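Enquirer: Sharing a model prediction with you, sequence too.
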Amino acid sequence: MKRTIGITLLVGAMVFGVIAMANAAAPPVVVTAGVNSVLSIAVDTNAVAFGNVDPGASYTNATEPQVTVKSNKDFTYTEAVATGDAAIIAYMTQVGAVDQGTEGSRGVFKKTYTYTLDLTPDTSFTDLDPATPYTANYNFTAVQL
């Protein structure tokens with residue numbers, strides 16, 4: 001009987017030892033990643049050409065430039081005052097409409113611009129020289145916070 005109990009204990013110890021080994025777990029694999037700050041700004045069309053225009057008339061651009069900001073952090077967005085030839089800037093209007101996203105919030109933000117050249121005031125006949133090509137520049141910036 002003692003011999004049976006001894007064999008039973010030995011077999012039991014061997015079985016539990018095998019079971020314990022079958023349930024052993026390896027330490028976990030820890031995967032980490034850091035995310036870089038990303039900011040980009042692009043204009044899909046960087047020229048609006050009205051061509052030759054007549055004083056006394058009004059023009060709206062057919063090409064509507066779109067500014068796209070992509071940022072994974074909040075940002076500030078600035079539309080700078082036009083620079084270039086003051087004579088033509090006095091008759092220019094820039095209007096922007098948001099197409100996607102929220103200005104200043106992380107994500108993808110898109111804004112489309114329309115430009116109007118309104119030469120209907122009588123002063124356009126005296127302010128603008130027909131021999132001069134005029135230019136107005138509009139600048140856009142984005143800075144992450």
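Expert: Looks like it arrived, so ask away.
Enquirer: what's the single longest strand in this structure?
Expert: What stands out as the longest strand in the chain, according to DSSP state E, is strand 107-118.
Enquirer: For the strand or helix carrying residue 94, name the packing helices and strands.
Expert: Taking DSSP states H and E as the criterion, residue 94 maps to strand 92-100. Other elements packing on strand 92-100 under the criterion 3 or more Cβ pairs under 8 Å, 6 or more residues apart in numbering; DSSP states H and E are strand 107-118. For the C-beta atoms, the positions are set from N, CA and C on the backbone; glycine is no exception.
Enquirer: Apart from its chain neighbours, what residue comes closest to the residue nearest to the spatial centre of the chain?
Expert: In the chain, the C-alpha nearest the mean C-alpha coordinate belongs to residue 70, at 1.6 Å (Cα atoms, centre = their mean). Nearest residue to residue 70 in three dimensions, chain neighbours excluded: residue 40, at 4.8 Å (Cβ to Cβ, 6 or more residues apart in numbering).
Enquirer: Quick one: residues contacting the residue nearest to residue 97 when sequence neighbours are not counted.
Expert: Using Cβ to Cβ, 6+ apart and skipping residues adjacent in sequence, the residue nearest residue 97 is residue 112, 5.5 Å away. By Cβ atoms under 8 Å, 6 or more residues apart in numbering, the contact set of residue 112 is 64-67, 96-97, 99.
Enquirer: Name the nearest of those residues relative to residue 138.
Expert: For those, the minimum distance to residue 138 (Cβ to Cβ) is 8.6 Å, reached by residue 65.
Enquirer: Residue 126 belongs to a helix, doesn't it?
Expert: Yes. Counting by DSSP: H, G, I helix; E, B strand; the rest coil, residue 126 is located in a helix.
Enquirer: tell me the pLDDT at it?
Expert: Per-residue pLDDT puts residue 126 at 94.
Enquirer: cool, residue 63 as well?
Expert: 86.
Enquirer: so it touches residue 46, yeah?
Expert: No. Counting by Cβ atoms under 8 Å, residue 63 does not reach residue 46; the two are 10.1 Å apart.
Enquirer: who has more neighbours, the two?
Expert: Shown here are residue 63 and residue 46; by other Cβ atoms under 10 Å, residue 63 has more neighbours (12 against 9).
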